[in-house]
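Asks: here are the coordinates; sequence isn't available:
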């Protein structure tokens, strides 16, 4: 049985000053199994982030609904961890206290909070920065903290909205490897929005391609590449074949959107 089911989800935004409404999403159906790592790929403005926000409970569909373990999603919850492109850390809290935030909200003992935070600080390579504030960190380090904070709460599903989009290429590649390594060991269920084709292939067990707005699922491509995945995989013939196929899928949608 699938962990997450998106059933007939559509989203329409009202028009500005009585103008025509904007249809962001056509009805979408998607089944996400336990331990799936699904990347959602599509041209700008196709509704990728809108769909992710609906799964997170931060937005409501105009039609259809989302089920998680058979229960309807009606708002945000600790069963879904969210990481955004913008750095959403609390600026007045240190790295360690940012990571502990959700644990404290659950009423967990301080000793256990510190134990879990220390484990994730080690996993994302932030030892020695526990007492730094976000403004003292690079963008990559801030996103490491955000990922550690999301994972520390042990969510059923991790939702990431272009989390590496603001990073330089070198840092982005390192962050891809970091997150993929964590997934390979923990096997969390992941939905990851990106507009980067190479990133979508490298990270995913499945790539879901969305059409130009109004967004719908155009293709659902299983990525049959071995794990663990070193960055050198990106130069392999198999990787290049997936890239050629998905580039054509996206290119045709970008041309339609013009």
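Replies: Yep, it's here. Quantities reported herein were computed from a predicted structural model and do not represent experimental measurements. Numbers count the residues shown, from 1 in each chain.
Asks: Tell me where the model's unsure across the stretch 101-250 of the chain.
Replies: Within the stretch 101-250 of the chain, no stretch falls below the threshold (pLDDT under 70).
Asks: Okay, strands next: where are they in it?
Replies: 157-161, 189-194, 206-210, 217-222 (DSSP state E, counting those that start in this stretch).
Asks: deepest of those, which one?
Replies: strand 189-194 (a mean of 25; mean count of other C-beta atoms under 10 Å). Placement of C-beta: from N, CA and C, glycine included.
Asks: Verify the assumption that residue 39 is located in a strand.
Replies: Yes - counting by DSSP: H, G, I helix; E, B strand; the rest coil, residue 39 is part of a strand.
Asks: What separation is there between it and residue 94?
Replies: 32 Å (C-beta to C-beta, to the nearest Å).
Asks: which one of those two has more residues nearby?
Replies: residue 39 (27 against 18; other C-beta atoms under 10 Å).
Asks: on that earlier part again, adding distance to residue 140, write the strands of the stretch 101-250 of the chain out as CSV.
Replies: Converted to CSV, those look like this (distance: least, C-beta to C-beta, whole Å):
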stretch, distance to residue 140
strand 157-161, 15
strand 189-194, 16
strand 206-210, 24
strand 217-222, 29
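Asks: Quick one: closest of those to residue 72.
Replies: Closest approach to residue 72 among the strands of the stretch 101-250 of the chain is made by strand 157-161 (14.7 Å; C-beta to C-beta).
Asks: Can you spell out which helices and strands pack onto that closest one?
Replies: helix 48-56, strand 80-83, strand 189-194 (3 or more C-beta pairs under 8 Å, 6 or more residues apart in numbering; DSSP states H and E).
Asks: Which one of those lies nearest to residue 162?
Replies: Set against residue 162 and scored by C-beta to C-beta, these come closest in strand 189-194, at 5.6 Å.
Asks: Run the angle between the closest one and strand 206-210 for me.
Replies: Put simply, strand 189-194 runs at 40 degrees to strand 206-210, going by axes from the mean of the first three to the mean of the last three C-alpha atoms, to 10 degrees.
Asks: Partner strands of strand 189-194, with direction?
Replies: Sheet pairing for strand 189-194, assigned by DSSP bridges, gives strand 37-41 (parallel), strand 157-161 (parallel).
Asks: can you give me how far it is from the chain middle?
Replies: Strand 189-194 has its average C-alpha position 4 Å from the chain's average C-alpha position, going by C-alpha atoms, centre = their mean, to the nearest Å.
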